[in-house]
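Asks: Mind folding the following:
(one chain, ligands or ions: 1)
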Amino acid sequence: MRVEIGRSALELHQGDITDETTDATVNAANSRLAGGGGVDGAIHRRGGPAIMAETDARYPEGCPTGSAVVSGAGDLAARYVIHAVGPVWSGGNRSEADLLAAAYRRCLELAVDHDCRSIAFPSLSTGAYCYPTDQAARVALRTVLDFLRETEEPLRVRFVLFDQGAYGAYAAALEELA
Ligand code: ADP
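Replies: Residues are numbered from 1 along each chain as shown. Purely as a prediction, here's the structure:
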């Protein structure tokens, strides 16, 4: 599924984010940038040790929830990995939606600042962090659509959803929002 917004585009794709050839690949990181399972495990496995070596050196304090930091992409096809820290779901009354939107927005700003023309996102927070996928999809897509409507730079934003359930949730949310 694909929608165009001015000179930009938003795409939904089912697959593995480590196969992407976008300029930037977003990692679903934790605030210590310590490595983990899910997307993070896949990115470090496929990208090699250079990514962790760089984040350890540049961001010894880690990265706060609702923000993101950038590194090189090691052996991945991307130029950059943007390590985003989404919120852990704890019922919905702890600013989870605001923190999730802030994490997406920071990734988009970093991509533009680094002259990226394309960026691939996983579904942040919906794995180990337990954010309900249908709600996360609405926050993620609304944030990206708002950003693409505001920004001057053309950008291709691709959501790479791992399974059919996640793809379906994002497709339904995009139908509703676009
Ligand atoms: P978080 O800790 O932010 O919840 P996870 O990595 O545990 O992050 O999961 C985020 C989402 O990414 C989940 O929907 C999960 O199914 C999906 N996912 C896991 N591995 C991959 C991958 N290689 N490519 C794309 N999505 C993935």
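Asks: To which secondary structure element is P154 assigned?
Replies: Under the criterion DSSP states H and E, no helix or strand holds P154.
Asks: ok, now A101?
Replies: Applying DSSP H and E, one finds A101 within helix 96-113.
Asks: Beyond that helix, next helix or strand please.
Replies: Stepping forward along the backbone from helix 96-113, the first helix or strand reached (DSSP H and E) is strand 118-121.
Asks: distance between that next one and the chain's centre?
Replies: The chain centre lies 7 Å from the centre of strand 118-121; the measure is Cα atoms, centre = their mean, to the nearest Å.
Asks: cool, stretch 58-70 as well?
Replies: Relative to the centre of its chain, stretch 58-70 is centred 14 Å away, using Cα atoms, centre = their mean.
Asks: which parts of it are buried?
Replies: For stretch 58-70, the neighbour count (16 or more other Cβ atoms under 10 Å) marks Y59, G62, C63, T65, G66, S67, A68, V69, V70 as buried. Just so you know, the C-beta spots here come from the backbone N, C-alpha and C atoms, and that holds for glycine as well.
Asks: rewinding a little: show me what the helix holding A101 is packed against.
Replies: strand 24-28, strand 67-72, strand 80-85, strand 118-121, helix 133-150 (3 or more Cβ pairs under 8 Å, 6 or more residues apart in numbering; DSSP states H and E).
Asks: residues in contact with it?
Replies: 23-24, 26, 65-70, 80, 82, 84-87, 89-90, 119, 121, 124-125, 131, 135-136, 139-140, 142-144, 147, 151, 153, 155, 157 (Cβ atoms under 8 Å, 6 or more residues apart in numbering).
Asks: who are the neighbours in contact with the nearest residue to A128 once chain neighbours are set aside?
Replies: Nearest non-adjacent residue to A128, counting by Cβ to Cβ, 6 or more residues apart in numbering: G38, 5.7 Å away. Contacts for G38 (Cβ under 8 Å, 6+ apart) come out as A28, G127, A128.
Asks: could I get those residues as JSON lines with pLDDT, distance to E11 and neighbour count?
Replies: Converted to JSON lines, the contacts of G38 look like this (pLDDT from 0 to 100; distance: Cβ to Cβ, whole Å; neighbours: other Cβ atoms under 10 Å):
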{"residue": "A28", "pLDDT": "98", "distance to E11": "19", "neighbour count": "27"}
{"residue": "G127", "pLDDT": "98", "distance to E11": "21", "neighbour count": "19"}
{"residue": "A128", "pLDDT": "97", "distance to E11": "25", "neighbour count": "13"}
